[in-house]
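# got a predicted model here, sequence first, then my questions.
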Amino acid sequence: EAGVAQSPRYKIIEKRQSVAFWCNPISGHATLYWYQQILGQGPKLLIQFQNNGVVDDSQLPKDRFSAERLKGVDSTLKIQPAKLEDSAVYLCASSPDRAPNYGYTFGSGTRLTVV
Amino acid sequence: QKEVEQDPGPLSVPEGAIVSLNCTYSNSAFQYFMWYRQYSRKGPELLMYTYSSGNKEDGRFTAQVDKSSKYISLFIRDSQPSDSATYLCAMSAGYGGSQGNLIFGKGTKLSVKP
């Protein structure tokens, strides 16, 4: 079974620039999550999709972050404009349904550095 | 007070040692408890999960949940250098919507020396 694919692996941008990350979940997984993991911290949920609908985006800084899930499969996360504090690893995860006891499958993440 | 507290370490042990990793939490609604292992520059991978209180064993790993104390533990027996990673506890209140979302601890960085 192929894992969760993310790209790019690394990105360095200047503050106030924009950036986009892409995620392809495991085939058939209905639920997709974007997490932000700042160095030395645990992952923090940004947004959760069920198919192509948003279930929870309460922790997404909507003034600068946006996300969409195309046709209930791939997803993109965008930051515009970026701030220094956005430097983090952005992790995408998917699961067969909302049941937490199945566990999430995470991708390797995109490491963003804002300078 | 953060919802989930985890000592970030780092923790260094000799090969073969028993390792104890712990988390405390404040939200009594949490019912699902998980441990993830994260190698450097990789995403977290699920190691153990338990529902409600009790113990669960899988090979060298044992997870314990004490809901009365709001305390969870992961024990690693006969630790190996390949166990060197960051261990994240995570928990959720249940199914569906925001109830099923995971709240993570900061992670404990473990190093097992040969």
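Yes, it's here. Numbering: from 1, shown residues only, chains lettered A, B, ... in the order given.
# compute the number of surrounding residues for B:Gln31.
The burial count assigned to B:Gln31 is 19, neighbours taken as other Cβ atoms under 10 Å in any protein chain shown. C-beta coordinates here come from the backbone N, C-alpha and C atoms, glycine included.
# for it, what are phi and psi?
phi -130, psi -20 (degrees, to the nearest 10).
# was I right to think it contacts B:Ser92?
Yes - assessed by Cβ atoms under 8 Å, B:Gln31 is found in contact with B:Ser92 at 7.4 Å.
# around chain B, pick out the residues from chain A.
Residues of chain A lying close to chain B by Cβ under 8 Å from any Cβ of the partner chain are A:4, A:33, A:40-45, A:48, A:55-56, A:58, A:91, A:93, A:98-101, A:103-109, A:111.
# low-confidence ranges, chain B, go.
Across chain B, residues meeting the criterion (pLDDT under 70) sit at B:1, B:95-99.
# for the nearest residue to A:Asn51 once chain neighbours are set aside, the count of nearby residues, please.
Leaving out its chain neighbours, the residue that sits closest to A:Asn51 by Cβ to Cβ, 6 or more residues apart in numbering or on different chains is A:Gly72, at 4.1 Å. Burial of A:Gly72, expressed as a neighbour count using other Cβ under 10 Å, amounts to 15.
# next one: the worst-scoring helix or strand of chain A on mean pLDDT to chain centre, how far?
Every helix and strand in chain A was compared by mean pLDDT, DSSP states H and E; the lowest is strand A:53-56, with a mean of 90. Relative to the centre of its chain, strand A:53-56 is centred 13 Å away, using Cα atoms, centre = their mean, to the nearest Å.
# tell me the centre residue of chain A?
A:Trp34 (2.8 Å; Cα atoms, centre = their mean).
# that one touches A:Thr76, doesn't it?
No - taking contacts as Cβ under 8 Å, A:Trp34 lies outside contact range of A:Thr76: 9.6 Å.
# ok, residues contacting stretch A:74-90?
A:6, A:13-25, A:32, A:34-39, A:46-47, A:49, A:64-70, A:92, A:109-115 (Cβ atoms under 8 Å, 6 or more residues apart in numbering or on different chains).
# related to what we said a few turns ago, which other helices and strands contact the least confident helix or strand of chain A?
Applying 3 or more Cβ pairs under 8 Å, 6 or more residues apart in numbering or on different chains; DSSP states H and E, one finds that strand A:53-56 contacts strand A:44-50.
# the strand it packs on packs against which elements?
Packing partners of strand A:44-50 (3+ Cβ pairs under 8 Å, 6+ apart): strand A:31-37, strand A:53-56, strand A:65-69, strand A:75-79.
# so which of those is nearest B:Val13?
strand A:31-37 (24.7 Å; Cβ to Cβ).
# the closest one: how far from the chain's middle?
The gap between where strand A:31-37 is centred and where its chain is centred comes out at 4 Å by Cα atoms, centre = their mean.
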